[in-house]
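Student: return atomic coordinates for the entry below.
(chains A and B)
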Amino acid sequence: MTSSTKSRRQFLKSSGSTIGASWLAVNTPLILAACQSAHTKIETQAGYENLSQEEAVELGAVVDQIIPPDEAPGATETGVVYFIDVALGGFMAGSASTLRAGLEELQQMAASVQARNHRFSDLSFEQQTVVLKEAENTEFFGTLHFLTMMGMFCLPKYGGNRDHLGWDLIGFNHQHAWQPPFGYYDAAVHAQTPKQGDDHGHS
Amino acid sequence: MATADVTPKFNTREAVDFVIIGSGAAGGVLAKELSSNGFNVVVLEQGHYRTAADFKHDEVQVMFQDQLLMHPGWNDPQTFRRFEKDTAKVQQGGPPPALYARGVGGSSVHFTANYWRFHESDFKERSLLGPMEGTGFADWPISYGELEPYYTKVEWECGVSGQPGPFEAPRSRPYPCPPLPVKSSGVLFENGARALGLHPQPAPMAILSRPHNGRPACIHCGFCMGFGCESSAKSSTLASMIPLAEATGRCEIRPLSTVFRIETNALGRVTEVVYLDAEGTEQAQKAKAVILAANGAETPRLLFLSESGRCPDGLANSSGIVGKYLMGNGHSVTHAAFEHPLNEFKSVQVTRIVHDFYEHDPARGFYGGGGMDARPFLDSTPIMYAQSGLPPGTPKWGSEFKRMLRHYYTRKMTVLGSTTSVPLERNNISLDPTIKDDKGRPAMRMTYMDHDDDLAMATFLQDRAVEILGAAGAKEIWREPVEGGTIQAHLLGTCRMGNDPSTSVVDRYHRTHDISNLFICDGSSFVSSGRGQPTMTIQALAFRAAEHITRFARRGEI
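Tutor: Okay, here's the model as predicted:
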């Protein structure tokens, strides 16, 4: 690794300054236990442990704005809300108040758009987008964005990335081992030359 | 291979021949060499003793929870500032300023494994180029020729895959393993560089391309930079050296042992090493001699923590330069996207490099040199990519964001430029005056701002990277800003080697000028920074140091 991991620092910063610290303060055995339970819940479609049903619906609407469903599944279908439920029970517990306060504020913004509907999730997708644009530079949104990326692309044991839907979206294939050719541009090279790493030519 | 029944347990109250502090790139080599030469050795390592089976493809734990970096027992913060006039602060979020792995094998467990030998010029640039006012620009007290046999030892004993390139210094033996299979990033980088008249070459990597020394070849799993190797194909000292050290029956690796003081007696000799064990209980291991190999940040910190009435400025610091001249290597990062999938998430990071700009060239108008390589960099794993891998200006959420996430992951690559660092007294490791760790030890404080020439060289390499990627047919190219580093994974120069006790900390054999039974061998011994890939040289120094220390010990000269 090199000092240019600064780009990693930048995104951590941009996702809200408290996130890094809370990730560092994790209790690993606790996470693993929580993950196992989340994995079981996903398979049984059981309820949430740290989120109320209503909070889950509202958070689902927000994360589906970040990764919307189209011909490929969106964030909610990929298990991001389950991942957040797990995270709030353990390693992201310190961000629970930020998320709850942010959700509350979002509801007030939603109500001002369309008074007769009080919930963000009741708005049309387009109306939700307009409301969320107002909040996109808040710590609430940064935290939720960070959690959405985690929940989309983590190992499924963490509760998100259901059935590898997140990985399928970007073309990541998790396999224990690979052999060349690895991609389009090295295919011709490997077709021409004997397999590298074989035992010839070097003493 | 090591077997548990031959691993000794030494009595802490009886002096062993050597205590080695740190089990990383240098410490692992020293442990293997000295125990093989018949000495009893205790290695104190602050991290866990993990094995290959403990290394998982778990991006959340490794990249976001710093599983391999964090202290296993307690919070051990670091502070950072640019300049000495500033007040250093603990940075919120991201890895610490001095980025190194804790655990048996040290940072050789998680490194990328670029193994470039230094060139002959790296050891004598001060003589070749003349002085640089206001800097610590100096020659090494040893030459490439003196180190060459030990570079060869590293390649064969640790295991390096490669093929000699057009610019490298003379070598006495070929690489033991052929280059790793080229990736798409390597093919594109090579094509682009050749089109510009440059001389790309296979990357020398401390990763086995075929079985060697009883270890298996790389399986190209892709979880490489930042991760531990599950197949032991990455030539960490954990995989290559530690098992041999333990198999001698004379080497005890003591993990979860955090050293906080080296004790000296009235004669000014080191007597014992004091540490906290896994339970947080204070222990002290007596030793006839101590070798400090804790890395270029922890080594000076420990010398400062070992201050005494006789050594009020820290152990082995009569020169006053312990901790100073920290060098981290400058970097520039350039991204590109291509039409078809590269699938850079597979295999090792780097398969092709360019060393055309390695040597200093006065025509550039500033001091320095560097190397370039093609790699996925931080975008090989999905969460890191999703957080920071898209081009600037891309929407951060919504359907367009989703479309971009889908598009770039398989089509992206990065060219990393790595440069010299001018040694500056103002860049250093010291003890923070106010912040302490949970055990009351003063925190490590890093003061660092790259020299203007280092940034100019990084920008120069970025300009070349843009040209190469353009010539390779990239559809899009974008730059990360070149700016002073805030995180250093290469921790070099803080106890520099030299013949003059007033301007160096260790002599040409890594013995401290001040204390005859205290040796230091790690990145801190460096006098110049090389061009960005220091581990190969750290290990060559360790093999060489072990040979001389053995000679001294056998003659009773310690």
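
Student: what sits closest to B:Glu282 if chain neighbours are left out?
Tutor: Closest residue to B:Glu282 apart from its sequence neighbours, by Cβ to Cβ, 6 or more residues apart in numbering or on different chains: B:Leu276 at 6.1 Å. All C-beta atoms are positioned from the backbone trio N, CA, C, and that covers glycine.

Student: residues contacting that neighbour?
Tutor: B:Gly73, B:Ser257, B:Thr258, B:Phe260, B:Glu282, B:Gln283, B:Lys439 (Cβ atoms under 8 Å, 6 or more residues apart in numbering or on different chains).

Student: residues contacting the second one?
Tutor: Contacts of B:Ser257 were listed using Cβ under 8 Å, 6+ apart, and they are B:Leu44, B:Glu45, B:Gln46, B:Tyr275, B:Leu276, B:Asp277, B:Ala278, B:Gln283.

Student: give me the buried subset of the contacts of B:Leu276.
Tutor: B:Gly73, B:Ser257, B:Thr258, B:Phe260, B:Gln283 (16 or more other Cβ atoms under 10 Å in any protein chain shown).

Student: just for chain A, where's the confidence low?
Tutor: Judged by pLDDT under 70, chain A has its weakly predicted residues at A:1-46, A:115-117, A:193-203.

Student: give me that answer again for 50
Tutor: Scanning chain A for pLDDT under 50 picks out A:1-33, A:197-203.

Student: give me the neighbour count for whichever residue of chain B sits closest to chain A.
Tutor: Going by Cβ to the nearest Cβ, chain A is nearest to B:Gly93 of chain B, at 2.6 Å. Using other Cβ atoms under 10 Å in any protein chain shown, B:Gly93 has 21 neighbouring residues.

Student: for the one 3 residues further on, same thing?
Tutor: Look at B:Pro96: counted by other Cβ under 10 Å, it has 23 neighbours.

Student: thinking again about what came up before, so the residue of chain B closest to chain A is in which element?
Tutor: Assigned by DSSP states H and E, B:Gly93 belongs to neither a helix nor a strand.

Student: now it: how far from B:Ile487?
Tutor: Shown here: B:Gly93 relative to B:Ile487, a distance of 11 Å by Cβ to Cβ, to the nearest Å.

Student: who wins on neighbours among the contacts of B:Ser257?
Tutor: The most crowded member of those, judged by other Cβ under 10 Å, is B:Glu45 (30 neighbours).

Student: check contacts around that residue.
Tutor: By Cβ under 8 Å, 6+ apart, the contact list for B:Glu45 reads B:Gly22, B:Ser23, B:Gly27, B:Arg102, B:Gly103, B:Val104, B:Gly106, B:Ile253, B:Arg254, B:Pro255, B:Leu256, B:Ser257.

Student: apart from its neighbours in sequence, what residue is nearest B:Arg426?
Tutor: Leaving aside its chain neighbours, B:Arg426 sits nearest to B:Glu84 (6.1 Å; criterion: Cβ to Cβ, 6+ apart).

Student: what segments of chain A are helices?
Tutor: With DSSP state H as the criterion, chain A has helices at A:6-14, A:18-24, A:28-44, A:53-66, A:80-89, A:96-113, A:125-135, A:139-153, A:165-170, A:184-192.

Student: let's have the buried ones among the contacts of B:Leu276 in CSV, adding pLDDT and secondary structure.
Tutor: Formatted as CSV, the buried ones among the contacts of B:Leu276 follow (pLDDT from 0 to 100; DSSP: H, G, I helix; E, B strand; the rest coil):
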residue, pLDDT, secondary structure
B:Gly73, 94, coil
B:Ser257, 98, coil
B:Thr258, 98, strand
B:Phe260, 96, strand
B:Gln283, 98, strand
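
Student: would you format those residues as TSV with distance to B:Cys224 included?
Tutor: Compiled in TSV, the buried ones among the contacts of B:Leu276 are given as follows (distance: Cβ to Cβ, whole Å):
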residue	distance to B:Cys224
B:Gly73	28
B:Ser257	28
B:Thr258	28
B:Phe260	33
B:Gln283	36
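
Student: hang on, the earlier thing: neighbours around the residue nearest to B:Arg426, how many?
Tutor: Using other Cβ under 10 Å, B:Glu84 is surrounded by 12 other residues.

Student: swap in B:Asp500?
Tutor: Close neighbours of B:Asp500, defined as other Cβ under 10 Å, add up to 11.

Student: do the one 5 residues further on as well
Tutor: Residues near B:Val505, counting by other Cβ under 10 Å, number 31.

Student: that one - nearest residue in space that isn't next to it in sequence?
Tutor: Nearest-residue entry for B:Val505: B:Cys495, 3.9 Å, with adjacent residues in sequence omitted and distances by Cβ to Cβ, 6+ apart.

Student: quick one: contacts for that neighbour?
Tutor: Going by Cβ under 8 Å, 6+ apart, B:Cys495 touches B:296, B:299-300, B:303, B:316, B:322-323, B:505-506, B:512, B:520, B:524-525.

Student: how about those in a markdown table, adding pLDDT and secondary structure?
Tutor: Below are these laid out as a markdown table (pLDDT from 0 to 100; three-state DSSP):
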| residue | pLDDT | secondary structure |
| --- | --- | --- |
| B:Gly296 | 98 | coil |
| B:Thr299 | 98 | helix |
| B:Pro300 | 98 | helix |
| B:Leu303 | 98 | helix |
| B:Ala316 | 98 | coil |
| B:Val322 | 98 | coil |
| B:Gly323 | 98 | coil |
| B:Val505 | 98 | coil |
| B:Val506 | 98 | strand |
| B:Thr512 | 98 | strand |
| B:Ile520 | 99 | strand |
| B:Ser524 | 98 | helix |
| B:Ser525 | 98 | helix |
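
Student: what sits against the nearest residue to A:Gln179 once chain neighbours are set aside?
Tutor: Once flanking residues are discounted, A:Gln179 sits nearest to B:His220: 6.7 Å by Cβ to Cβ, 6+ apart. By Cβ under 8 Å, 6+ apart, the contact list for B:His220 reads A:Ala177, A:Trp178, A:Gln179, A:Pro180, A:Phe182, B:Pro181, B:Lys346, B:Ser347, B:Val348.

Student: what's the answer for B:Ile219, then?
Tutor: By Cβ under 8 Å, 6+ apart, the residues touching B:Ile219 are A:His176, A:Ala177, A:Trp178, B:Ser231, B:Ala233.

Student: which members of those occur in strands, if any?
Tutor: The strands, defined by DSSP state E, take in nothing from the contacts of B:Ile219.

Student: can you give me the end-to-end span of stretch B:529-537?
Tutor: Taking Cα to Cα, to the nearest Å as the measure, stretch B:529-537 stretches 10 Å from start to finish.

Student: what lies in contact with that stretch?
Tutor: Contacts with stretch B:529-537, where a contact means Cβ under 8 Å, 6+ apart, come from A:2, B:25, B:107-108, B:111, B:113-118, B:122, B:147, B:151, B:154, B:160, B:204, B:206, B:327-331, B:355, B:358, B:369-371, B:418-421, B:423, B:490, B:492-493, B:523, B:526.
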